[in-house]
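Trainee: give me a 3D structure for the following:
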Amino acid sequence: MATSTPTPDAYAPPPGGSQKTPAAPRRHTWRSRLWRFDDKASPYAYIAPFFLVFGAFGLYPLLYTGWIALHRVEMTGMNQMEWVGWDNFDKILHDSEFWTAVTNTFLIGVMSTVPQLLVALGLAHLLNYKLRASTFWRTVILTPYATSVASAALVFALVFRADGGLLNWALEFVGLGHTNWANGHWTSKIAISVIVIWRWTGYNTLIYLAAMQAVPADLYEAASLDGASRWQQFRKVTIPSLRPTILFTIVISTIGSMQLFGEPLLLEGGTLGATGGNENQYETLSVYLYNYGWNLGHLGPAAAVAWAMLALLLIIAAVNWLIGRFVRKSAV
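Mentor: Numbers count the residues shown, from 1 in each chain. Okay, the predicted model is just below:
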């Protein structure tokens, strides 16, 4: 039986015929487009609340304060603004009381920051050891920070009170005499510095403690094998490891000292507290701003003081950054 072998020509399409191709799949459906949009837009949606809150309560007040600083605005007529340019800045820069407030702020900042950070560093070093009830001691250390500034200032105002104050009673008991803490130029600054030290030492202690616990234990073991004492380990291992943290606490404490308000305001209270004493002996920049804006009702100069405080903070931050950069280079 004869059979024929099929050839490729037998299955060839007829000439002139069209070959039907399958339809190409859709590259981008609405689901894939929605997924791509969500992948790209969701990160911005997550951070948008922060920028909205910052813009409403941070950036806008800052810019509006700068706008007010260029106008003459009174508390009694805030809708009446008169353009004065840089006159408000010129006014405060030529005011001797402004420079007194700057000096007081700087002195109180140094007198409160240096002892505060040194004590916090020592307490953190003690708490870094294995102690019984360590959580209890850490809570006790942080308790002053949780106390409101008004409560702390009122209690210390009674302690430093000229008539019947607890501290004067103790001084008279040991025969050291009587001191009017609020009226003295240096004693008033000491009193305010004590309040600041009492409130913020625990906060910085826990920051240093967290940084100390992040130091590798191998460094202490190697130093111990080399015969280093506890004090030498603290100087040669702990302090160099805490340099970034120490610089951070210095910056934070500097910003806090520039914003001191409740402590000097409530030290004596009333009119004397609002003016920083009878001779402005403890008037800080925040109290000076408060006196200009709320007591005198001149919002233009008060806004200029606020921007001057911002400029001083930026200068101090730049100096701290340069110091930190120098320390890092010298450590290499």
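Trainee: C-alpha from now on. contacts and neighbour counts both.
Mentor: OK.
Trainee: how much space separates residue 223 from residue 208?
Mentor: For residue 223, the distance to residue 208 equals 21 Å [C-alpha to C-alpha, to the nearest Å].
Trainee: any idea how this protein splits into domains?
Mentor: 20-69, 88-331 (automatic domain parsing).
Trainee: avg pLDDT for the host helix or strand of residue 54?
Mentor: Assigned by DSSP states H and E, residue 54 belongs to helix 30-54. Model confidence over helix 30-54 averages 82 on the pLDDT scale.
Trainee: tell me which of residue 223 and residue 208 has more neighbours.
Mentor: Between residue 223 and residue 208, residue 208 has the larger neighbour count (other C-alpha atoms under 10 Å), namely 24 against 16.
Trainee: so what secondary structure elements neighbour the host helix or strand of that one?
Mentor: Following DSSP H and E, one finds residue 208 within helix 185-213. Here helix 185-213 touches helix 96-127, helix 134-146, helix 149-159, helix 243-258, helix 262-268, going by 3 or more C-alpha pairs under 8 Å, 6 or more residues apart in numbering; DSSP states H and E.
Trainee: from the chain's centre, how far out does the last one sit?
Mentor: So the one you mean is helix 262-268. On the basis of C-alpha atoms, centre = their mean, to the nearest Å, helix 262-268 is displaced by 21 Å from the centre of the chain it belongs to.
Trainee: check which residues of the helix holding residue 208 are buried.
Mentor: By neighbour count on 16 or more other C-alpha atoms under 10 Å, the buried set for helix 185-213 is 187-209, 211-212.
Trainee: spatially central residue for this structure, please.
Mentor: Taking C-alpha atoms, centre = their mean, the centroid of the chain lies closest to residue 252, which sits 4.6 Å from it.
Trainee: tell me the contacts of that one?
Mentor: With contact set as C-alpha atoms under 8 Å, 6 or more residues apart in numbering, residue 252 has no partners.
Trainee: cool, residue 41 as well?
Mentor: By C-alpha under 8 Å, 6+ apart, no residues touch residue 41.
Trainee: what about it, distance to residue 48?
Mentor: 11 Å.
Trainee: got it, and residue 131?
Mentor: Distance from residue 131 to residue 48, counting by C-alpha to C-alpha: 44 Å.
Trainee: for residue 246, same thing?
Mentor: According to C-alpha to C-alpha, residue 246 and residue 48 sit 32 Å apart.
Trainee: more crowded one of those two?
Mentor: Between residue 246 and residue 48, counted using other C-alpha under 10 Å, residue 246 has the larger neighbour count: 20 against 12.
Trainee: what is the burial count for residue 214?
Mentor: Around residue 214 there are 11 residues (other C-alpha under 10 Å).
Trainee: determine the longest strand present in the protein.
Mentor: strand 77-83 (DSSP state E).
Trainee: which helices and strands does the helix or strand just after it pack with?
Mentor: Next helix or strand after strand 77-83 toward the C-terminus (DSSP H and E): helix 87-93. With contacts taken as 3+ C-alpha pairs under 8 Å, 6+ apart, helix 87-93 sits against helix 299-331.
Trainee: may I see the buried residues of the helix it packs on?
Mentor: By neighbour count with 16+ other C-alpha under 10 Å, helix 299-331 contains the buried residues 299-309, 313, 317, 320, 324.
Trainee: average pLDDT across that helix?
Mentor: On average, helix 299-331 scores 85.
Trainee: quick one, that helix and strand 77-83 angle?
Mentor: Interaxial angle, helix 299-331 versus strand 77-83 (axes from the mean of the first three to the mean of the last three C-alpha atoms, to 10 degrees): 70 degrees.
Trainee: now do helix 299-331 against helix 243-258, angle only.
Mentor: If you take the same axes, to 10 degrees, helix 299-331 sits at 160 degrees to helix 243-258.
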